[in-house]
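J.: Coordinates only, no sequence provided:
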């Protein structure tokens, strides 16, 4: 179906909601249409933006609501089928084949991760182990004993599983792991190197958000690993200047914006995700011609301004993982003792002059001097879901 026709259908669906009054009568192009924001979803919480009779709804998912009201995602059976389809496409692109053993350590429940991977894996005929998060010692045993070939989790929790494997005395040679699909939080090339070294797999990035569908919006191919292929039959992608809303040129970082093309229950026009990335529309080495988004650099509201320098937690991560002796677990403590914000980096590791080496690596990476505290191994809290990287102590 042509994108124009699909877009017209989305517009007509959205006109049935309170957001429809903002759509201009004579719109011609995508950029004529209004943005949708998370605040719109919260304002019409819980189901004020649903466009179908409620008896047609088959499932509800939701965000954590850690920054206010949770954002609700409603699905018809058609929406669930589309979600399964795009997840199956992402898994197949990663190299997952029928009969492979998929260890799913994403959380099940209102969070879309667990069930999204589950239904996509079953759709292609993989043997799916719904482990969910938690009880990391059990994760290690099941990975070995059930011969998991595909590990799906947040990247931070995958590192926690790697630690559990070490503590259980299980080496990479005892595992059958081949592919890792990691998402739900920003991560870096340094983290990729760490995951591949510790788990003996090919680490691939996957992206999604519950407001659009869940995981399955975009994913990396193993041939290129140079951007995530957007499932453009279902999601129209843009990148905008987060301050002005103007389109950003390809290759330029900005805020990701998605329009759902095939969603029934809660279609969204030009939804501002808050995620910072760039677009590449050149053909990939794998032969696919779909638009590719870069790995997410961070969230617009996670950007820190330290002594006049803008930085994202992922930039600190990149610096840390290039310092010998530093473990891949960290937290950033933001405080405002005076007029300016101050940043303290908590990290783990061992080695001579580790704090000073970390401090210098961060200064070279982001151009700002921070305080560095090295903690004993295991002291920084581990996460079973999305890692809590920033602790904001500003009043």
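T.: Perfect, I can see it now. All values reported here derive from a predicted model rather than from experimental measurement. Numbering: from 1, shown residues only.

J.: Leaving out chain neighbours, which residue sits closest to residue 333?
T.: residue 344 (4.2 Å; CB to CB, 6 or more residues apart in numbering). Backbone N, C-alpha and C define where each C-beta goes, glycine included.

J.: which parts of stretch 382-390 are buried?
T.: Using 16 or more other CB atoms under 10 Å as the burial criterion, the residues of stretch 382-390 that qualify are 383, 384, 385, 386, 387, 389, 390.

J.: So what touches that stretch?
T.: Applying CB atoms under 8 Å, 6 or more residues apart in numbering, the contact partners of stretch 382-390 are 107, 111, 113, 133-134, 136, 154, 156-157, 160, 163, 184-185, 302, 304, 313, 317, 329-332, 334, 381.

J.: circling back: SS state for the residue nearest to residue 333?
T.: strand (DSSP: H, G, I helix; E, B strand; the rest coil).

J.: Kindly report the same for the one 3 residues further on.
T.: In the three-state summary, residue 347 is assigned as strand, counting by three-state DSSP.

J.: So for it, what's the pLDDT?
T.: Looking at residue 347, its pLDDT stands at 94.

J.: any idea how far residue 357 is from it?
T.: 11 Å (CB to CB, to the nearest Å).

J.: quick one: which of those two has more around it?
T.: Remark: of residue 347 and residue 357, residue 347 carries more neighbours, 25 against 18, as counted by other CB atoms under 10 Å.

J.: beta partners for that one?
T.: In this entry, residue 347 is beta-bridged to residue 330, residue 374, by DSSP bridges.

J.: For residue 221, see how far away it is.
T.: Here the criterion is CB to CB. By it, residue 347 lies 32 Å from residue 221.

J.: What's the end-to-end length of stretch 370-382?
T.: 23 Å (CA to CA, to the nearest Å).

J.: what's the answer for stretch 266-278, then?
T.: 26 Å.

J.: what's the answer for stretch 261-280, then?
T.: End-to-end distance (CA to CA), stretch 261-280: 20 Å.

J.: and it, average pLDDT?
T.: Rounded mean pLDDT across stretch 261-280 is 97.

J.: What of stretch 124-142?
T.: Averaging pLDDT along stretch 124-142 gives 94.

J.: buried sites along it?
T.: 124, 126-133, 136, 139-140, 142.

J.: which of the residues you listed sit farthest apart?
T.: Largest separation among these by CB to CB: 124 and 136, giving 27.3 Å.

J.: Quick one: distance of the helix or strand encompassing residue 58 to the chain centre.
T.: Applying DSSP states H and E as the criterion places residue 58 in strand 57-62. Strand 57-62 has its C-alpha centroid displaced from the chain centroid by 20 Å (CA atoms, centre = their mean, to the nearest Å).

J.: Residue 71 and residue 125: what is the separation?
T.: 33 Å.

J.: Pop out the phi and psi values for residue 248.
T.: With angles defined as degrees, to the nearest 10, residue 248 sits at phi -100, psi 140.

J.: What is the burial count for it?
T.: If you count neighbours by other CB under 10 Å, residue 248 ends up with 18.

J.: what's the answer for residue 108, then?
T.: Using other CB under 10 Å, residue 108 has 16 neighbouring residues.

J.: Quick check: chain neighbours aside, which residue is closest to residue 205?
T.: Ranked by CB to CB, 6+ apart and with sequence neighbours excluded, the top spatial neighbour of residue 205 is residue 220, at 4.7 Å.

J.: OK, contacts around that neighbour?
T.: So residue 220 contacts 93, 94, 204, 205, 206, 227, 228, 229 (CB under 8 Å, 6+ apart).

J.: that older thread, and the residue nearest to residue 333, what is it in contact with?
T.: 332, 333, 335, 370, 371, 372, 373.

J.: Report how many residues lie close to residue 244.
T.: 9.

J.: so what's it scoring on pLDDT?
T.: At residue 244, pLDDT is 97.

J.: so how far is residue 109 from it?
T.: For residue 244, the distance to residue 109 equals 38 Å [CB to CB].

J.: Contacts for stretch 323-330, please.
T.: Contacts of stretch 323-330 (CB under 8 Å, 6+ apart): 156, 159, 191, 194, 316-317, 320-321, 345-351, 354, 357-358, 361, 377, 380, 382, 389.

J.: Among the residues you listed, name the ones in strands.
T.: 345, 346, 347, 348, 349 (DSSP state E).

J.: Would you enumerate the residues in contact with the residue nearest to the first one when sequence neighbours are not counted?
T.: Nearest non-adjacent residue to residue 345, counting by CB to CB, 6+ apart: residue 372, 4.9 Å away. Under the criterion of CB under 8 Å, 6+ apart, the contact list for residue 372 reads 344, 345, 347, 355, 356, 358, 359, 362.
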